[in-house]
Structures are given as C-alpha cells and as structure tokens.
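Peer 1: model the following, please.
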Amino acid sequence: FYKGRYHLFYQHLRSSCQWYWGICWDHLVSDDLVHWKNLPPALIPTPGWYDADGCFSGTVEFDPELGVPVIMYTGVYLKANKEAVAAHGLPPPGHDPGTRFVERQLAAVPADPEDPDLTVWCKLPEPVMYPAPKGVSCWRDPFCVQRPAAAGGSGDEWVVGLASGVKGVGGAVLRFKSKHFTYGWQFDGFLAAGDNQTLG
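Peer 2: Modelled structure (predicted):
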C-alpha cells in the first residue's frame, strides 16, 4: 500500500501460457481491492544485463533509508547468453551452483516517488547480493522475513530468506542480514534445511 493505492505484482510471460525464459513482473493497482487497473510491467528483462533472461520472483518493502518502496528480485541470465556473460562473467570458483544460468539479487526503485501508481521503476546499477554462498544448488526469490524498527518492524536490521538447496542434501532457505535494504547483505546461515534421506 503506497499513497492510497494497493499494488499487486505478479510473474508473467507475455509470449506464452507456459513458463519459459524472459519472465517479467506485471503490475496492477487498486483504490479498494475490488477494482484493479493494469499498468505497464514493473520489471522486464534488460538485454545483456544481469536479468537478461528473466526477472524472477522477489519482495517489495518500503525502505526508510531511501524513503521509497524497493523491489528486490532475482535476475538471471543464461550461461549460453554470450552478450550477458561477456559483460558480467560467470560465478567465481566455488560459488557456482552448477545451474545453466547465473542468479543475482537485484533491486529497483520508483522513477517518480510522487506517482501513487508507481508506474515506472528504475533498476539499481549493481546487484544487492552476489555471489551465492558456497555449496548451494541455487539462490533465488528473496522474501523479507523481518524489518527494522525504522520500517515498522521489531528488529534492528533487515532479514531476507532466499529459496535454495544444499548440493546432495536437500532444499533450504538461506538467511541474509543487513542494516540496509539495498546493500551490506551478509550470509547468516539457514532459516530451514531439508534432508532428502530423512524426508524421502
């Protein structure tokens, strides 16, 4: 909710009804949660950039430090995408989950914070988190699980969980902490971890 408007973001692939690369964030707004207005996509892949092959899921929080809502999301590019690999490379040794794409946690802010519809979003120029911790099979779809007191929460820092897995073990949720929403993130262990042998 921002300046009298409810905002709904959702994953959408405009060219197909089946999942494929190039997914974006579509955007709806409402005054009353009953009547909704379609807006242009909030996020679309940028050719040659960190999200060249998809703007995966994420979270939106109001950042009191910046004074605006911020989208944090996972951007991906395929290792076969020569333009993106030439510009941004591959993960450093030991930090490559072994997928056929490269994941980074990215952020975007409103182009005009006075626009209650938040129609246009601008991507921050550098990732807010990178690289992945060692030994994980992926890291994507950030979700804020704790907010600092300055943002209306109970803690003194941001805590974000990322969907992941431990190679050869099972699924996991990674925990990252920072005093700042758009930088300074540090890996802080696991919120949860599964064991394939125990769970079957």
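Peer 1: low-confidence ranges, the chain, go.
Peer 2: Along the chain, segments meeting pLDDT under 70 span 196-200.
Peer 1: that one: strands as residue ranges?
Peer 2: In the chain, the segments counted as strands under DSSP state E are 6-12, 24-30, 36-43, 54-63, 68-78, 101-110, 121-123, 136-146, 158-166, 170-178, 186-193.
Peer 1: could the ones you listed go into TSV alongside mean neighbour count and distance to Ala87?
Peer 2: C-beta coordinates here come from the backbone N, C-alpha and C atoms, glycine included. What follows is the strands of the chain, written out as TSV (neighbours: other Cβ atoms under 10 Å; distance: least, Cβ to Cβ, whole Å):
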stretch	mean neighbour count	distance to Ala87
strand 6-12	15	25
strand 24-30	18	20
strand 36-43	15	19
strand 54-63	20	16
strand 68-78	23	9
strand 101-110	23	11
strand 121-123	17	14
strand 136-146	20	21
strand 158-166	21	24
strand 170-178	19	25
strand 186-193	14	25
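Peer 1: so which of these is nearest Pro92?
Peer 2: strand 101-110 (11.1 Å; Cβ to Cβ).
Peer 1: counting by contacts, list what the lengthiest helix in the chain packs against.
Peer 2: Taking DSSP state H as the criterion, the chain has its longest helix at helix 82-88. Applying 3 or more Cβ pairs under 8 Å, 6 or more residues apart in numbering; DSSP states H and E, one finds that helix 82-88 contacts strand 68-78, strand 101-110.
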